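Enquirer: From the sequence below, what's the structure:
(one chain, ligands or ions: 1)
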Amino acid sequence: MRRHLLALQQLDAAEITRLLDLAQRVLGGPPRSEALRDHAIATLFYEPSTRTEISFELASARLGATAVRCDVTRSSIQKGESLVDTVQTLEALGAQAIVIRHPSAGAPHLASRWVRCAIINAGDGMHEHPTQGLLDLLTVRQHRGRIAGLNVAIVGDVLHSRVARSAVWGFTALGAHVTLVGPPTLLPAWPSADDRFPRAPQVTMTSSLAKGLEHADVVMALRMQRERQEHGYVPSLGEYTGRYAITSSALATARPDVLLLHPGPMNLGVEVSADAAYGPQSGIHAQVTNGVAVRMAVLLWALGDADTPDRGAARRDAPNELPVRDHAVAEIVRTVG
Ligand code: NCD
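Expert: Below is the predicted model of the structure:
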């Protein structure tokens with residue numbers, strides 16, 4: 001069985017919780033397993049990345065799979081090959097999963113219609129970044145023990161942020177309240193305007209940082225996307241920083257045990273100050289570490305084989321755990337559990 005991970009919007013609370021539980025178990029387990037031995041995972045990144053791409057590669061290695069990087073700058077994409085041709089080629093070469101980052105929203109969805117292998121969205125335009133959303137949730141759950149009932153403030157360039165979109169879906173699915181904070185030009189219309197958005201009451205927006213932080217248990221600072229700022233969304237980066245930067249004194253206005261998150265890469269001194277980013281309330285380093293475990297969990301989830309004989313045995317091994325649907329998950333539950 002192959003499953004695509006295209007968006008957190010598509011997962012319900014139970015499925016998200018299962019993935020988080022599996023990632024947590026992986027973290028407590030041995031550094032390496034053979035759960036995905038003989039599997040090839042291709043990474044196909046049309047945009048730069050450090051932590052996301054490397055963590056998928058490390059996650060593959062830790063599961064015994066081979067990760068192959070398709071270098072967009074040196075591949076046939078430079079000769080005009082289409083996305084569909086490229087993913088079909090990677091599949092024909094033997095990839096069981098393709099991890100895609102693309103500047104266009106919907107690119108992984110398109111790819112998923114043309115291949116049988118699993119497609120995992122590693123960030124598509126301004127749409128979603130589901131594995132980032134999962135690692136944000138895992139980091140908060142580790143620090144606070146729960147997600148339900150928490151107030152999460154997402155601060156900055158929400159308009160352009162796929163990280164924010166996945167976070168909104170993930171946190172609201174698990175019962176948190178989200179406040180989007182930023183200058184009016186960088187706040188989206190979607191929570192109120194989109195009638196497909198079923199959890200709108202759990203999302204509010206404000207342009208006042210003081211209001212946004214007032215009851216916050218979690219503050220997520222977003223990167224100011226300099227590549228998109230030439231359109232005059234803010235008068236200047238300096239003005240943005242003066243009003244919205246997350247500093248340790250800004251954090252002091254939130255709940256006393258507030259947790260600071262940032263997806264990286266950070267513009268230190270722009271949207272977040274060094275004293276906050278490296279201070280005691282920061283979970284930013286933990287987010288990066290959790291990225292490997294989350295991506296291991298997602299690969300196991302995506303590459304399950306529902307009909308393997310291991311299935312029943314695995315269920316008996318871990319009766320109250322994941323609904324074990326495949327030998328890969330079964331293997332990791334056995335090894336880690
Ligand atoms: C983000 C991305 O590329 O979506 N980074 C990440 O994956 N951790 C955020 C960003 O670029 O601002």
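
Enquirer: Look at Glu227 and report its pLDDT.
Expert: You'll see Glu227 listed with a pLDDT of 71.

Enquirer: what number of residues lie near it?
Expert: Counted with other C-beta atoms under 10 Å, the neighbours of Glu227 add up to 8. All C-beta atoms are positioned from the backbone trio N, CA, C, and that covers glycine.

Enquirer: Contact partners for it?
Expert: Glu227 makes contact with no residue, according to C-beta atoms under 8 Å, 6 or more residues apart in numbering.

Enquirer: Tell me how far it lies from Asp12.
Expert: Distance, Glu227 to Asp12, by C-beta to C-beta, to the nearest Å: 34 Å.

Enquirer: Same check on Thr131?
Expert: Distance from Thr131 to Asp12, by C-beta to C-beta: 17 Å.

Enquirer: Comparing the two, which residue is more hemmed in?
Expert: Ranked by neighbour count (other C-beta under 10 Å), Thr131 and Asp12 place Thr131 first, with 28 against 9.

Enquirer: helices or strands up against the helix or strand containing the more buried one?
Expert: Following DSSP states H and E, one finds Thr131 within helix 130-144. On a contact count with 3 or more C-beta pairs under 8 Å, 6 or more residues apart in numbering; DSSP states H and E, helix 130-144 meets helix 13-27, strand 118-124, helix 162-173, strand 218-221, strand 259-261, helix 284-302.

Enquirer: rerun at 6 Å
Expert: Helix 130-144 sits against helix 13-27, helix 162-173, helix 284-302, with contacts defined as 3 or more C-beta pairs under 6 Å, 6 or more residues apart in numbering; DSSP states H and E.

Enquirer: buried set for it?
Expert: Burial within helix 130-144, assessed by neighbour count using 16 or more other C-beta atoms under 10 Å, is assigned to 130-141, 144.

Enquirer: okay, the residues you listed in JSON lines with pLDDT and distance to Asp275 next?
Expert: Listed next are the buried residues of helix 130-144 as JSON lines, based on pLDDT from 0 to 100; distance: C-beta to C-beta, whole Å:
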{"residue": "Pro130", "pLDDT": "98", "distance to Asp275": "31"}
{"residue": "Thr131", "pLDDT": "98", "distance to Asp275": "29"}
{"residue": "Gln132", "pLDDT": "98", "distance to Asp275": "24"}
{"residue": "Gly133", "pLDDT": "98", "distance to Asp275": "27"}
{"residue": "Leu134", "pLDDT": "98", "distance to Asp275": "28"}
{"residue": "Leu135", "pLDDT": "98", "distance to Asp275": "24"}
{"residue": "Asp136", "pLDDT": "98", "distance to Asp275": "22"}
{"residue": "Leu137", "pLDDT": "98", "distance to Asp275": "26"}
{"residue": "Leu138", "pLDDT": "98", "distance to Asp275": "25"}
{"residue": "Thr139", "pLDDT": "98", "distance to Asp275": "20"}
{"residue": "Val140", "pLDDT": "98", "distance to Asp275": "21"}
{"residue": "Arg141", "pLDDT": "98", "distance to Asp275": "26"}
{"residue": "Arg144", "pLDDT": "97", "distance to Asp275": "22"}
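
Enquirer: how far does the helix holding Thr131 sit from the chain's center?
Expert: Relative to its chain's centre, helix 130-144 lies at 8 Å (C-alpha atoms, centre = their mean, to the nearest Å).

Enquirer: and Arg116, how many neighbours does it have?
Expert: Arg116 has 9 nearby residues by other C-beta under 10 Å.

Enquirer: So which bits of the stretch 1-150 of the chain are right by the ligand?
Expert: 51-52, 123, 129, 132 (C-beta under 6 Å from any ligand atom).

Enquirer: which of the residues you listed count as buried?
Expert: Among these, those scoring as buried are 51-52, 123, 129, 132 (criterion: 16+ other C-beta under 10 Å).
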